[in-house]
Each structure stands twice: as structure tokens, then as C-alpha cells.
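Q: got a structure for you, letters missing:
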């Protein structure tokens, strides 16, 4: 379950999902949103880290755990986190059998990915 500091709004677990322009990017994004809704952590802004926004970087650096979900082998989420010097539990949907341009984003596929990540946690 997510730990949160009442005065600083920092989370024990931060979840970063690629929201790329493809079906698998959409699946990564929706999976991150579902994990947050399920109480696995707080979804956080990947673009803010890529932009080097200081307070966002500080919050991410204070996280106890970081989950990164990428839709395709380009691994943009992982690369942004690596460039910020952050270690993450990394999941790539390609490794789970989802193909770019061939994946339907619906409750079933979101649930499949969520189950794989939650059961690994």
C-alpha cells in the first residue's frame, strides 16, 4: 500500500507509465492509472522528469520504490528515469507479449498487465 507524507505529499511508491503515441503506449498509461487506483502507489509525471523540473526530480529521488511501464522496446520511461539517476522496477509490454500496432486497449488487456505487475510485487 502507498505511504504518503501528509505535509510533503511524497509517495513511497511512484508509478511512471509511458503514454506514447501507440496502442501499447496507451496500454502502459492505462495500466499505470489502474495500479494507482488499486493503491499500488501514486502515478507521477514522466514528462516533468524529462523536463528536469527540480521539485519533481526531488520527489522522485525520495521515493522508496519506482515502477516504470514501457509499451515498446524503445523504453522511453526507463531512459528518462535512468537519465535522472533513478532506479526503477521496469516492465516492458513487449516482454509480456503485447505488440505495437496489434494490441487492443480494453479492460481485459489492462487487467492482464496489472495482474502481472501486482503479482510480481
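A: Now that the structure is in, tell me what you want to look at. A quick note: this is a predicted structure, and the numbers were derived from the prediction, not measured.
Q: Excluding sequence neighbours, find me the nearest residue to residue 35.
A: Distances taken as Cβ to Cβ, 6 or more residues apart in numbering put residue 15 closest to residue 35, at 5.3 Å, once the chain neighbours are dropped. In this view, the C-beta of every residue, glycine as well, is placed from N, C-alpha and C.
Q: Please give me every residue in contact with the residue nearest the centre of the chain.
A: In the chain, the centroid-proximal residue (Cα atoms, centre = their mean) is residue 16; its distance is 2.6 Å. Residue 16 sits next to 32, 43-44, 46, 49, 66-69, 77, 80-81, 88 when contact means Cβ atoms under 8 Å, 6 or more residues apart in numbering.
Q: Which helix or which strand is home to it?
A: According to DSSP states H and E, residue 16 maps onto strand 13-17.
Q: tell me which residues in stretch 78-91 are buried?
A: 78, 80, 81, 84, 86, 88, 90, 91 (16 or more other Cβ atoms under 10 Å).
Q: Farthest-apart pair in those, please.
A: The span of the buried residues of stretch 78-91, defined through Cβ to Cβ, is set by 84 and 91 at 18.1 Å.
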